[in-house]
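*Asks:* when you get a sec, could you give me coordinates for this:
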Amino acid sequence: MTDYYRKKVHYENIIATFDDILILPGYTDFSPFEVDISSNLGEYKFHVPILTSAMDTVTEEVMAIKMALLGGLGVLHRNCSYERQLEMVRIVKRARSFVIEDVATILPSENISRAKYMMENYNISGLVVVNDDNKVCGILTKRDIPYSDEQIKHGLVKDYMTKEVVSIKPGASRIDALSLLFESRKEKLPVIDEKGNLTGLITKKDLAPEFPLASMDKEGHLLCAMALSPRFPENKQAQDILKEIDNYVDIFFIDVADYFKLIDIQGTKKLMDLLDSDFVLGNIGTYEAAEHLLTKSGLDNEKFIGLKVGMGSGSICTTSIQTGVGAPTMFATAQVADAINDYNPKISLIADGGFKNPGDIPKAISAGADLIMSGHFFAGTEESPGFIDTIAGRKVKVYRGMGSKEARTSGYVTDRYIEGSKMLAEGVSDYVPFTGDLSGVLLSLKEGLINGMIYSGAKSIKEMKKAKIGVITPTGQRETSTHDLIGKY
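*Replies:* Below you'll find the model as predicted:
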């Protein structure tokens, strides 16, 4: 066993947290603009290695869409019915795509006046011309519309459309589409299958999206992730809905407070047999738990792509207080990073919870994380579920732990903690300050990570994992915070 990461934060049986350590400065021989914070979770690349937690006061479809557009990932919560989860994943998956599936079409026998009306009313620049069998026979754009009112009134689409259509086959990549558009000097590419049927439309505008860092699948749809109980649903109807959900989800996140249990592993195996999507398992907190999952669990190695770590660290989590058991995220990250390094470096590591400041993110990366997950950072944003309230003249939003009494009484997350334990709450419900638009919050977190990497001399996430860490004393903690000032901080 290498103990490479564990030695950084596990000193003489001390279980270290973010506040207990500092990253040591390193030599920097690159410009700030060369820093690359992108990271991978299995085959999926994220330009921003940040995820929002699967909590009912943090991530629903609005948050998930915005996070994916900005380069991260929002994990939809499971404190609701399968029907509601299906609704959320459909909305996320259909939110953006470089292939337009609902294509505006017109028959060749229709009047030009009808085509002109459709373009103006739908605010589009062209129509695909199809016959009664949905076979493409031309394309008509605004440039094809005649100037004469008489021609517009009496002319037919077939007399003005472009009959030689440049098209592309289904499944083509964004790069292939861009190349064909450039070569043909066209702005629209109908997607036509081998039988000549229209299946979609690609436009030049959609290939140059407003969000260039967006997290997308191979077909150009936003990546979609959803929390999932490890308990296999024995009900056939529930299984059918779950399979339908699977059509829209890229990654399932097994969502329990302590995953290192035989019943959870057995349930996950059944879920992996039922579903086609990839899986992230969690939460765990020790080297031994990771070692077991990586070597002895018998889980499907093709679908098992990541581990989520940290137990009892969240700002609204009271598991460690109520039970005396826990693994703070910094410590858990170092422990599990060692096991991954020893047994399967292809597995990604997500540090989950306990983050208070932007500087905690580079600390987690330096301990071995590939990505981080937080609820606290995002609960107060415009995109989180719930309404904005006002307390003592200050705008706030509700933020609650999934182990809180309020969350557990809903009946959907009773298996996230110790099953059958209904009286002991392992979380609280409270308010957090309203922080505005998600993009502003995410920008601050990104800058904290980038600046931390620059000071450490790390040009990439991989290099950041090699940064040196030191344990800081309580006196040092006070000195590195604001101090000796007249105002209150």
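*Asks:* then stretch 388-401 to PDB, C-alphas only?
*Replies:* The C-alpha coordinates for stretch 388-401 follow below in PDB (Å, rounded to 0.1, in the frame of the first residue of the first chain):
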ATOM      1  CA  ILE A 388     -36.800  33.400  -1.700                       C
ATOM      2  CA  ASP A 389     -37.800  34.500   1.800                       C
ATOM      3  CA  THR A 390     -36.900  37.500   3.800                       C
ATOM      4  CA  ILE A 391     -35.700  37.400   7.400                       C
ATOM      5  CA  ALA A 392     -34.800  40.500   9.300                       C
ATOM      6  CA  GLY A 393     -34.500  42.300   6.000                       C
ATOM      7  CA  ARG A 394     -32.200  39.800   4.500                       C
ATOM      8  CA  LYS A 395     -33.000  37.500   1.500                       C
ATOM      9  CA  VAL A 396     -32.700  33.800   2.300                       C
ATOM     10  CA  LYS A 397     -33.600  30.300   1.000                       C
ATOM     11  CA  VAL A 398     -34.300  27.100   2.900                       C
ATOM     12  CA  TYR A 399     -31.500  24.500   3.000                       C
ATOM     13  CA  ARG A 400     -32.000  21.200   4.700                       C
ATOM     14  CA  GLY A 401     -30.100  18.000   5.200                       C
END
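*Asks:* list the buried residues in it.
*Replies:* For stretch 388-401, the neighbour count (16 or more other CB atoms under 10 Å) marks 396, 397, 398, 399, 400, 401 as buried. (C-beta placed from N, C-alpha, C; glycine too.)
*Asks:* mind listing what the fifth one touches?
*Replies:* Listed by CB atoms under 8 Å, 6 or more residues apart in numbering, the contact set of residue 400 reads 55, 56, 57, 316, 406, 407, 427, 428, 429, 430.
*Asks:* I'd like to know how far the nearest residue to it once chain neighbours are set aside sits from residue 55.
*Replies:* Using CB to CB, 6 or more residues apart in numbering and skipping the chain neighbours, the partner closest in space to residue 400 is residue 429 (3.6 Å). Distance, residue 429 to residue 55, using CB to CB, to the nearest Å: 11 Å.
*Asks:* neighbour count winner among the two?
*Replies:* residue 55 (31 against 15; other CB atoms under 10 Å).
*Asks:* distance of the more buried one from residue 75?
*Replies:* 9 Å.
*Asks:* what do you get for residue 359?
*Replies:* Applying CB to CB to residue 359 and residue 75 gives a distance of 23 Å.
*Asks:* out of the two, name the residue with the larger neighbour count.
*Replies:* It is residue 75, of residue 359 and residue 75, that has more neighbours when counted by other CB under 10 Å, with 29 against 17.
*Asks:* where does the more buried one sit: helix, strand or coil?
*Replies:* strand (DSSP: H, G, I helix; E, B strand; the rest coil).
*Asks:* picking up where we left off before, quick one, phi psi at the residue nearest to residue 400?
*Replies:* phi -120, psi 130 (degrees, to the nearest 10).
*Asks:* residue farthest from the centroid of the protein?
*Replies:* residue 150 (53.6 Å; CA atoms, centre = their mean).
*Asks:* determine the three-state secondary structure at that residue.
*Replies:* Residue 150 is classified as helix under three-state DSSP.
*Asks:* check contacts around the residue nearest to residue 400.
*Replies:* 316, 398, 399, 400, 401, 404, 405, 406, 407.
*Asks:* mind checking the SS state of residue 199?
*Replies:* Applying three-state DSSP: residue 199 is strand.
*Asks:* residue contacts, it?
*Replies:* Counting by CB under 8 Å, 6+ apart, the residues that residue 199 touches are 101, 170, 191, 192, 193.
*Asks:* including pLDDT and distance to residue 310, could the residues you listed go into JSON lines?
*Replies:* JSON lines is the format used below for these (pLDDT from 0 to 100; distance: CB to CB, whole Å):
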{"residue": "101", "pLDDT": "74", "distance to residue 310": "39"}
{"residue": "170", "pLDDT": "87", "distance to residue 310": "42"}
{"residue": "191", "pLDDT": "90", "distance to residue 310": "43"}
{"residue": "192", "pLDDT": "90", "distance to residue 310": "49"}
{"residue": "193", "pLDDT": "89", "distance to residue 310": "47"}
